[in-house]
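Asker: fold the following, please.
(chains A, B, C and D)
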Protein chains: 2
Amino acid sequence: MHSPELLKGTLQTIVLKVLKDHGKMYGYEITQRVKELSDGRILLTEGALYPTLHKLEAEGLLKTEVVNIGKRIRKYYLLTAPGKALAKDRVSEFVDFINTMSSVLQVKVG
Amino acid sequence: MHSPELLKGTLQTIVLKVLKDHGKMYGYEITQRVKELSDGRILLTEGALYPTLHKLEAEGLLKTEVVNIGKRIRKYYLLTAPGKALAKDRVSEFVDFINTMSSVLQVKVG
DNA sequence: TCTTATGCATAACTCACTTATGTATTGCTG
DNA sequence: CAGCAATACATAAGTGAGTTATGCATAAGA
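Answerer: Residues are numbered from 1 along each chain as shown, chains lettered A, B, ... in the order given. Modelled structure (predicted):
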């Protein structure tokens, strides 16, 4: 992504929505899915992603399932009920934001 | 605006585009115009706006005209040629960002 | 008269992110 | 088969665009 500043404040929204759409996922998988969905334009950094996942878990919005794959561990994340609700709220908040910005910048999107 | 985090990285874009559309404007006027265009949802803070205007001016993207209104001063800002070019770039960058986010979040906007 | 609006400006602080670093397994390639 | 890239987790230090707080001054309205 060109200007990483624009991404600010979207990380939680992205994580929550991707988990809602794709169900149980682990961290690395999320980065790959987002990369795919964004055509390589959004590359989540681990330094941002993992602390965010831990924070959402601590707040009860995500729960985890640790699985052993050979000798490697994989930590799956799933939305809880409050997590699902938040995902919905965050997405609509983002849509509102886009609509507001479209008015200010006088651009059409979609 | 609900989540001010989302605004991060949009301030320069907003200032440049509003100046492009409305021509010569002073700081306070910009805050009012943006408030109007956003239906009260985007309230630019002076602590962010003035430093941004000064920075853009220092970079030769804006030029100023100081006018005395009674005993009060007013500092008008205008886009320079590079400023106009940047305004255009920033807006299309933002549109790209919206389109990318729409793909990731699987939402329709507009 | 006193509060709100107009109008500028700067300094201290915050916090979500980037950058850097660390550890370890697995798969590919020359 | 050696070495690099990819997979997979994690945390700590640093950055920087914003918020919050503060300051000064004039004009308008209740």
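Asker: which bits of chain A sit near DNA strand C?
Answerer: Taking CB under 7 Å from any atom of the strand as the contact definition, chain A meets DNA strand C at A:4, A:7-12, A:44-48, A:51-52, A:70-72. For glycine as for every other residue, the C-beta is placed from the backbone atoms N, C-alpha and C.
Asker: tell me the buried residues within those.
Answerer: A:7, A:9-12, A:44, A:52 (16 or more other CB atoms under 10 Å in any protein chain shown).
Asker: of those, closest to residue B:88?
Answerer: Distance to residue B:88 across these (CB to CB) is lowest for residue A:7, with 21.5 Å.
Asker: thought that closest one was touching residue A:41?
Answerer: No: with contacts counted by CB atoms under 8 Å, residue A:7 stays clear of residue A:41, the gap being 10.0 Å.
Asker: tell me which stretches of chain A form helices.
Answerer: Applying DSSP state H to chain A gives helices spanning A:11-22, A:27-37, A:46-58, A:81-105.
Asker: and the spatially most central residue of chain A, what is it in contact with?
Answerer: Centroid-nearest residue in chain A, with CA atoms, centre = their mean: residue A:15, separated by 1.5 Å. Residues in contact with residue A:15 (CB atoms under 8 Å, 6 or more residues apart in numbering or on different chains) are A:30, A:49, A:52-53, A:56.
Asker: cool, residue A:103 as well?
Answerer: B:37-39.
Asker: distance check, residue A:35 against DNA strand D.
Answerer: 9 Å (CB to the nearest atom of the strand, to the nearest Å).
Asker: from residue A:87, how far off is that residue?
Answerer: 20 Å (CB to CB, to the nearest Å).
Asker: quick one, which of those two is more surrounded?
Answerer: Under the criterion of other CB atoms under 10 Å in any protein chain shown, the comparison of residue A:35 against residue A:87 puts residue A:87 first, with 22 against 15.
Asker: wait, that one sits on residue A:81?
Answerer: No: counting by CB under 8 Å, residue A:87 sits too far from residue A:81 to count as a contact (10.7 Å).
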